[in-house]
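Colleague: Below is the sequence, then the predicted model.
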Amino acid sequence: MFLKIHTALTQIITATVLLSGLLVATAFAQANTIDSLDIQRLEHEIGQMLMVGIRGNHLNADAMVQTRQQINDGQIGGIIFFKHNIKNSRQFRIFVHQLAALTVDYPLFLAVDEEGGKVRRLRKTQGFEEFPSAAHVGGKIKAPDAYNIYSRMATQIRKTGLNLNLGPVVDVNINRASPAIGQLGRSYSRNPGTVYDYGKIFIEAHHAAGVLTTLKHYPGHGSSREDTHNDLTDITHTWRSSEQLPFKRLIDSVQVDLIMAGHLFDRNVDPKYPASLSAQHIQQTLRGKLNFNGVVLSDDLQMGAIIKRYTLDEIIILSINAGCDILQFSDPLNLDKDLPAHVRRVVIAAIKDGKIEPSRIHQSFNRITSLKKQLGMSLDKLAD
């Protein structure tokens with residue numbers, strides 16, 4: 001009797017082991033099949049999630065050879081320009097238009113930080129018109145005149161060939177001594193209602209000229225005592241709920257194209273990560289509570305606030321899982337020339353390891369390409 005029971009149990013265990021092994025093998029084979037079929041699509045989509053600074057100032061510069069190839073191969077979705085890219089207005093206009101004419105599946109985001117005041121890339125010495133700071137506009141310029149200022153700014157940007165301005169700054173000027181905001185005159189006002197009013201004017205004037213805009217720096221940099229360019233910026237004890245109001249009201253009342261997530265640490269929201277690397281900030285609050293469905297752009301992922309605390313691979317994975325759609329690496333002097341390939345390798349490996357869901361890449365790709373379609377529509381509208 002015992003022998004019969006033992007034999008039966010042995011057969012059951014053997015069958016179970018064999019079945020389990022078969023299921024695992026089948027699942028493994030299916031995973032490999034999915035990888036082989038989907039990997040090319042994923043690499044294509046990852047390329048659209050990358051915005052970088054570049055070294056050259058004309059298309060045929062030696063520094064542009066690899067960049068041109070990366071653009072043509074779909075490894076880069078956006079470029080942000082700085083002063084080293086600009087010699088004069090004519091040179092820069094030719095350079096930007098040549099980049100825009102490269103053969104790509106989706107138009108490049110061609111971006112610039114043109115806020116007015118101290119934060120500007122298009123300078124008078126290079127043949128461009130310069131514009132006043134947000135602090136000056138918010139404190140001394142009435143709404144119709146402010147629209148005129150931003151209309152001229154946006155028209156200049158559009159004529160240069162650019163299609164994305166990384167503004168307006170909608171940080172509330174809580175701390176006038178803030179080294180990143182208050183001291184530089186980058187905030188319209190201490191009053192969130194005034195910030196909203198002028199931020200809306202900025203956006204509407206740019207949209208009329210066919211230029212996309214970016215609200216920054218979510219969740220609010222105006223109360224900070226530090227500068228994210230340099231090191232950790234902790235707003236846990238300084239941030240006020242009024243700093244969220246301009247973001248919320250603009251999301252509710254006007255087409256918001258992009259929002260930039262700042263490297264701002266608030267342990268009341270996320271005790272571990274700054275906003276740019278935090279799903280609590282981006283997925284739960286910005287998307288879940290403020291109902292923003294557009295593109296989230298990270299602030300420069302080479303800033304001291306995070307690069308001193310995380311490895312590049314950690315930053316890539318964390319920012320994507322947090323909900324950033326576009327990863328910005330804007331300092332070309334400290335940029336690995338093979339960064340696009342490195343990002344692809346890191347993300348694909350993370351997907352295979354189960355650290356990133358493929359759906360996150362698809363979501364970002366869909367948001368980005370949907371926004372890029374508006375670039376073509378805005379140009380058609382201007383031509384009518």
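Modeller: Ah, there it is.

Colleague: Please spell out which residues along the one helix or strand residue 319 maps to are buried.
Modeller: Using DSSP states H and E, residue 319 maps to helix 312-322. By neighbour count on 16 or more other Cβ atoms under 10 Å, the buried set for helix 312-322 is 312, 315, 316, 317, 318, 319, 320, 321, 322. No exception for glycine: its C-beta is placed from N, CA and C like everyone else's.

Colleague: and the end-to-end length of stretch 323-335?
Modeller: 23 Å (Cα to Cα, to the nearest Å).

Colleague: And that stretch, how far out from the chain middle?
Modeller: Chain-centre distance of stretch 323-335: 8 Å, with Cα atoms, centre = their mean, to the nearest Å.

Colleague: quick one: average pLDDT of that stretch?
Modeller: Averaged over stretch 323-335, pLDDT sits at 87.

Colleague: which residues touch that stretch?
Modeller: Stretch 323-335 is contacted by residues 49-55, 77-78, 80, 82, 84, 109, 258, 261, 276, 279, 282-283, 286-287, 295-302, 316, 319-320, 339, 343, 363-364, 367-368 when judged by Cβ atoms under 8 Å, 6 or more residues apart in numbering.

Colleague: from these, which ones fall inside helices?
Modeller: Counting by DSSP state H, the contacts of stretch 323-335 place 279, 316, 319, 320, 339, 343, 363, 364, 367, 368 in helices.

Colleague: ok, of these, which one's closest to residue 176?
Modeller: residue 319 (30.7 Å; Cβ to Cβ).

Colleague: My read is that that closest one contacts residue 277, right?
Modeller: Yes: with contact defined as Cβ atoms under 8 Å, residue 319 counts as touching residue 277 (5.6 Å).

Colleague: Check the contacts of stretch 323-335 for burial and list the buried ones.
Modeller: Listed as buried from those are 49-55, 77-78, 80, 109, 258, 261, 276, 282, 286-287, 295-302, 316, 319-320, 339, 343, 364, 367-368; burial here means 16+ other Cβ under 10 Å.

Colleague: Now, the residues you listed that are in strands?
Modeller: 50-53, 78, 80, 109, 258, 261, 295-298 (DSSP state E).

Colleague: what secondary structure does residue 213 sit in?
Modeller: Under DSSP: H, G, I helix; E, B strand; the rest coil, the three-state class of residue 213 is strand.

Colleague: could you pull out the strands for the chain?
Modeller: Under DSSP E, the chain gives strands at 50-53, 78-81, 109-112, 164-165, 212-218, 233-234, 258-261, 264-265, 295-298, 327-329.

Colleague: nearest to residue 153, of those?
Modeller: The nearest among those, by Cβ to Cβ, is strand 164-165 at 7.9 Å.

Colleague: so where's the chain uncertain?
Modeller: For the chain, the stretches flagged by pLDDT under 70 are 1-37, 332-333, 376-384.

Colleague: Can you list the helices and strands that the helix holding residue 319 packs against?
Modeller: strand 327-329, helix 339-352, helix 358-383 (3 or more Cβ pairs under 8 Å, 6 or more residues apart in numbering; DSSP states H and E).

Colleague: The same query, at a cut-off of 6 Å, please.
Modeller: If contacts are counted by 3 or more Cβ pairs under 6 Å, 6 or more residues apart in numbering; DSSP states H and E, helix 312-322 sits against helix 339-352.

Colleague: The helix it packs on packs against which elements?
Modeller: helix 2-48, helix 312-322.

Colleague: Show me the contact partners of the helix holding residue 319.
Modeller: For helix 312-322, contacts defined as Cβ atoms under 6 Å, 6 or more residues apart in numbering pick out 277-279, 282, 298, 301, 327, 343, 346, 350, 355-356, 360.

Colleague: tell me how far that helix is from the chain's mean position?
Modeller: Worked out by Cα atoms, centre = their mean, helix 312-322 lies 13 Å from the chain centre.

Colleague: same check, this time on stretch 90-106
Modeller: That offset, for stretch 90-106, works out to 21 Å (Cα atoms, centre = their mean).

Colleague: okay, that stretch in CSV with CA atoms only?
Modeller: Extracted as CSV, the C-alpha positions of stretch 90-106 are listed here (Å, rounded to 0.1, in the frame of the first residue of the first chain):
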residue,chain,number,x,y,z
ARG,A,90,22.0,85.0,-40.3
GLN,A,91,24.3,82.0,-39.5
PHE,A,92,21.9,80.7,-36.9
ARG,A,93,18.8,81.0,-39.1
ILE,A,94,20.6,79.0,-41.8
PHE,A,95,21.8,76.4,-39.3
VAL,A,96,18.4,75.9,-37.8
HIS,A,97,16.6,75.7,-41.2
GLN,A,98,19.2,73.1,-42.4
LEU,A,99,18.6,71.0,-39.3
ALA,A,100,14.8,71.2,-39.8
ALA,A,101,15.3,70.1,-43.4
LEU,A,102,17.0,66.8,-42.5
THR,A,103,15.1,63.7,-43.5
VAL,A,104,13.4,62.4,-40.4
ASP,A,105,10.2,60.5,-39.6
TYR,A,106,9.0,63.2,-37.2
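
Colleague: Helices along the stretch 51-200 of the chain, start to end?
Modeller: 65-72, 89-100, 134-140, 143-160, 192-208 (DSSP state H, counting those that start in this stretch).

Colleague: and the spatially most central residue of the chain, what are its bridge partners?
Modeller: Centroid-nearest residue in the chain: residue 297, 1.6 Å away (criterion: Cα atoms, centre = their mean). In this structure, residue 297 bridges to residue 260, residue 326 when assessed by DSSP bridges.

Colleague: Could you measure from it over to residue 268?
Modeller: 24 Å (Cβ to Cβ, to the nearest Å).
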